[in-house]
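Undergrad: when you get a sec, could you give me coordinates for this:
(2 chains)
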There are 2 protein chains.
Amino acid sequence: MSAKILSGTDLSAEIRSEVATGVVEMQEKHGVTPGLAVILVGGDPASAVYVNNKQRACEQAGLFSDSAQLPDTATEDEILAAVHAFNEDPRVHGILVQLPLPGGIEQHRIIESIDPDKDVDGIHPYNLGKLMQGRPDFPPCTPAGIVELLVRNGHDPEGANVVICGRSDIVGKPLAALLMQRGRGGNATVTVCHTRTRDLADVTREADILVAAIGRPEAITADMVRDAAVVIDVGINRVDDPSARRGYRLKGDVDYEAVSQKALAITPVPGGVGPMTIAMLLVNTLTAARIRIHGRHHSG
Amino acid sequence: MSAKILSGTDLSAEIRSEVATGVVEMQEKHGVTPGLAVILVGGDPASAVYVNNKQRACEQAGLFSDSAQLPDTATEDEILAAVHAFNEDPRVHGILVQLPLPGGIEQHRIIESIDPDKDVDGIHPYNLGKLMQGRPDFPPCTPAGIVELLVRNGHDPEGANVVICGRSDIVGKPLAALLMQRGRGGNATVTVCHTRTRDLADVTREADILVAAIGRPEAITADMVRDAAVVIDVGINRVDDPSARRGYRLKGDVDYEAVSQKALAITPVPGGVGPMTIAMLLVNTLTAARIRIHGRHHSG
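TA: I've put the predicted structure just below:
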């Protein structure tokens, strides 16, 4: 049996088109265009690619998009000033600070300077706390994208044993928080594993839905996966490959060839979780604009 | 074999005495007495008992203690005013709003009005978010008490399979967040179960450490517990008992008689987790005073 491929490319296109419809409606009814501002510090090429992709996605969905590009040498105060300017800018409903920030910058201080009502990445502690309470305005984009991939492909996590490998602040921990809540996309029995988990394979083999967010190529092998599990691969690892045009290939955290023979469904890398993250950023930006127009009671 | 009893009464006395020592030191070095203010709305007798216990514990440990008692008929604005007064009161380092609040009061609005630097219950979303990031100033008191009960009795959760039954905002979810972090009292492989978990016994039998926070008397029976597991019982349920002086007895969420024959260690009810909650409230209040004196870098 070969697993069904859960295409994030396809689903994200669908969601981005829903956002585009929402944007047109908002412009017609309220004369408002939702806007996203991205702050990029330093010249890391991978970060620059991500930022470009986000801006292009904004434009395609009809959102206003702005950015601030600061040099590697930017001070904490200069970054704070850039955040502050977008906090005050009425055209901007969402602010994203591209992480990681250069060494020496106190990342938490920058994140906490973002107006929580514009924190469309959902990484301000206030928003993480609301997420833990099951009432997020802005669920973090990668976890939210994973939930959409599951629910809209008929793999509702309700009642399922979900095992998450990885406990990062932007994927593992907020995804666990989302999946254990009451309501749509929730009600899963969630286990979080990490480097200190004693027998990882013992735990992963119990998973109806297995999420790999480890950051190591092909860390999840076929013997770690239960028959007919649904496998979500969050990893994007560069692996040297002299035969490839760029000298490397992208590999996920899952041994795709072997696991896809065993799983019921699996996300590819690239084209799986990655595109969903950007789509959910647009959704959250539209939500931020809705909240500013209607207040929280009409934002659902 | 009969399980070792993990006495919260004994350990909380030890911790309260550590707090008392810290209070004397703070008075000598800085002339500051840490202070806790409790807000009680309405006349629920159980809540009144909790509030009295907290105030007595404060006084015994040498803390300053204050309270505001509002009638059942108090409006949201009146409760907000009481919180605001304590936010502004320099003698007060910690504020606790006794939950639940009477119906009709928007609980989240009250909680979010507490100055996060005085939120010694650790329930403001900002503090829950910092908890999720693994850098809490004020870990919520019941979860923090459970971690102390484990660590100080030689049952370090590191590497253990911990199963938590219950997903409340004040016990299950923040306890999961604490136990999955790096560092002391963390590094556990954590699973959170709840009413929608498919086969609860299947999951609980995998637990090296089992935490019951369900709110139903004796919901955890012996067949649900692995041999030599460590069992933490968070439940405090009143069960009718005409032979008892008050007409009821307190029962935990665990069938204590049967499970204690099988477990390696177990907390009793009463005298287990309950007293730990109050002790950790005092610890957090002392921490709040330390942070105000030294700032965050010296608060560890």
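
Undergrad: now A:V259: how far from A:T9?
TA: Distance, A:V259 to A:T9, using Cβ to Cβ, to the nearest Å: 20 Å. Every C-beta, even on glycine, is put in place using the N, C-alpha and C of the backbone.

Undergrad: looking at these two, which one has more neighbours?
TA: When A:V259 is set against A:T9 and neighbours are counted by other Cβ atoms under 10 Å in any protein chain shown, the residue ahead is A:V259, at 24 against 13.

Undergrad: what sits against the nearest residue to A:R109 once chain neighbours are set aside?
TA: Nearest residue to A:R109, sequence neighbours excluded (Cβ to Cβ, 6 or more residues apart in numbering or on different chains): A:E76, at 6.7 Å. Taking Cβ atoms under 8 Å, 6 or more residues apart in numbering or on different chains as the contact definition, A:E76 lies against A:I105, A:E106, A:R109, A:I110.

Undergrad: how about the residues of chain A by chain B?
TA: A:108, A:124-135, A:158-161, A:167, A:169, A:173-174, A:176-177, A:180-181, A:187-194, A:196-198, A:203, A:206 (Cβ under 8 Å from any Cβ of the partner chain).

Undergrad: in helices only, show me the residues you listed.
TA: A:108, A:125-132, A:173-174, A:176-177, A:203 (DSSP state H).

Undergrad: from the residues you listed, which two are the most distant?
TA: The distance between the two most remote of these (Cβ to Cβ) is 31.9 Å, for A:Y126 and A:V203.

Undergrad: now the most centrally placed residue in chain A. Its backbone dihedrals?
TA: The centroid of chain A falls nearest to A:T142 when counting by Cα atoms, centre = their mean (1.6 Å). Torsion angles at A:T142 (phi, psi; degrees, to the nearest 10) stand at phi -70, psi -50.

Undergrad: that one and B:P139, how far apart?
TA: Computed with Cβ to Cβ, the distance linking A:T142 and B:P139 is 26 Å.

Undergrad: surely A:P116 touches A:L128?
TA: No: A:P116 lies out of contact with A:L128 (Cβ atoms under 8 Å); the separation is 10.2 Å.

Undergrad: neighbour count winner among these two?
TA: Under the criterion of other Cβ under 10 Å, the comparison of A:P116 against A:L128 puts A:L128 first, with 31 against 18.

Undergrad: nearest spatial neighbour of that one, chain-adjacent residues omitted?
TA: A:L128 sits nearest to B:G129 (Cβ to Cβ, 6+ apart), 3.4 Å away.

Undergrad: what are the ranges of the strands in the stretch 101-250 of chain A?
TA: A:161-165, A:189-193, A:209-212, A:230-233, A:237-240, A:248-251 (DSSP state E, counting those that start in this stretch).

Undergrad: helices or strands next to the first one in the packing?
TA: Using 3 or more Cβ pairs under 8 Å, 6 or more residues apart in numbering or on different chains; DSSP states H and E as the contact definition, the elements that strand A:161-165 packs against are helix A:172-179, strand A:189-193, helix A:200-204, strand A:209-212.

Undergrad: could you dump the ones you listed to a markdown table with mean pLDDT and mean neighbour count?
TA: Converted to a markdown table, the helices and strands packed on strand A:161-165 look like this (pLDDT from 0 to 100; neighbours: other Cβ atoms under 10 Å in any protein chain shown):
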| stretch | mean pLDDT | mean neighbour count |
| --- | --- | --- |
| helix A:172-179 | 98 | 26 |
| strand A:189-193 | 98 | 28 |
| helix A:200-204 | 98 | 18 |
| strand A:209-212 | 98 | 29 |
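
Undergrad: in TSV: the ones you listed, plus distance to A:N53.
TA: As requested, the helices and strands packed on strand A:161-165 are arranged in TSV below (distance: least, Cβ to Cβ, whole Å):
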stretch	distance to A:N53
helix A:172-179	21
strand A:189-193	29
helix A:200-204	31
strand A:209-212	22
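
Undergrad: all set now, cheers.
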